[in-house]
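In: Predicted model follows, preceded by the sequence.
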Amino acid sequence: MACRSCKRQLLLLARQANAPVAAELYSAALGQQRLHRVATTPVTHQLRRGFRSTPAQSGFMDSIRSTIQRSSEPYRVMAATKEIYDACSKAAPYKIDPIAIKLGTVPKTPEGEDIGEGNGMWHDGHISTNGDLSTEFKLLPTFSTWSQVTMLHLYLVFARLRNLDRYAARAWQAQLVDHFFFDAEERMDLSHGISSRALRGRYLKDLFVQWRGVVAAYDEGVAKGDAVLASAIWRNVFKAREDVNVRDLAATVSWMRLSLKMLDQMPDEALFTRAGTALRWPAKNEFAVVDQPTRQLADQLAPNTEPAGRASSAA
């Protein structure tokens, strides 16, 4: 985890890490130049025209390709993780009026959190045209809601990255964590007016502790069953509210299982281009899956239920 002020230093360190790769390319180029000076026979001129390549030239080109691939891999990972993180962070968007922040008129929760304006499915709640069932999750548009929903999405990607090579998985996970905490600190500064770097650092440390706890809780839930997973979602996303709708928990669990399955079926190379698409399936669509047993039971009981007027007339 790093603060926003360290972002430039991290980029400089990344450039320094690629310095040995550049030196290797330079040495390989010098070796090829020596081969070019030695090759002066007519046969060698024909080889250079493309009729045939010597083993030395083939080995040089292979080394160039492998070196370029190794040098470009960190940048590919950085670009891919940024795209994945953008998909995760846009799940529960919210905005706070900057004028209200300056005037100190931002509404707050009983815990003291700023309440903004959100229009995502995790925030709004309305009545469905098919009945009185809500098709949204009705969470308050706060920083806490945004961070918990974002961490929920990040966990799904983290679970998939464990199938990669050990060092590759660590590189991907480190980049995702950096993107998250850079964005979190920027929101604290710009959206909530927390200008003190020390105060932001304290909040980021608390957020990092929450992140570690979220990963452990969701791992336990995925391994032990849906009831344990629903309990972890209730504690983190829904803040252990007593009035939470169990239907919301069931839909979230179903969505997590489906997303994990979609990510698991994705090839490793597709993570660079299509990992974000697996998170675009709206969690609210799982309400139809959760409500299906209830509707089937209602359809079974409907023919056996007679209207009250018909029963009274028969008596």
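Out: Everything's here; your move.
In: Could you use CA atoms for every contact and neighbour count after this?
Out: Will do.
In: Could you list the buried residues of stretch 269-281?
Out: By neighbour count on 16 or more other Cα atoms under 10 Å, the buried set for stretch 269-281 is Leu271, Phe272, Arg274, Ala275, Gly276, Ala278, Leu279.
In: confidence score at the residue lying closest to the fifth one once chain neighbours are set aside?
Out: Across the structure, with Cα to Cα, 6 or more residues apart in numbering as the measure, the residue nearest Gly276 apart from its sequence neighbours is Ile84 (4.9 Å). At Ile84 the predicted local distance difference test score is 91.
In: Looking at the buried residues of stretch 269-281, which are in strands?
Out: Of the positions in the buried residues of stretch 269-281, not one sits in strands, assigned by DSSP state E.
In: Put together JSON lines for these, with pLDDT and distance to Leu190 on each row.
Out: Output for the buried residues of stretch 269-281, formatted as JSON lines (pLDDT from 0 to 100; distance: Cα to Cα, whole Å):
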{"residue": "Leu271", "pLDDT": "85", "distance to Leu190": "31"}
{"residue": "Phe272", "pLDDT": "83", "distance to Leu190": "30"}
{"residue": "Arg274", "pLDDT": "80", "distance to Leu190": "31"}
{"residue": "Ala275", "pLDDT": "75", "distance to Leu190": "29"}
{"residue": "Gly276", "pLDDT": "75", "distance to Leu190": "26"}
{"residue": "Ala278", "pLDDT": "75", "distance to Leu190": "30"}
{"residue": "Leu279", "pLDDT": "83", "distance to Leu190": "27"}
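In: Save those residues as JSON lines, and put in distance to Val237 too.
Out: Shown next, in JSON lines, are the buried residues of stretch 269-281 (distance: Cα to Cα, whole Å):
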{"residue": "Leu271", "distance to Val237": "26"}
{"residue": "Phe272", "distance to Val237": "28"}
{"residue": "Arg274", "distance to Val237": "26"}
{"residue": "Ala275", "distance to Val237": "23"}
{"residue": "Gly276", "distance to Val237": "21"}
{"residue": "Ala278", "distance to Val237": "20"}
{"residue": "Leu279", "distance to Val237": "17"}
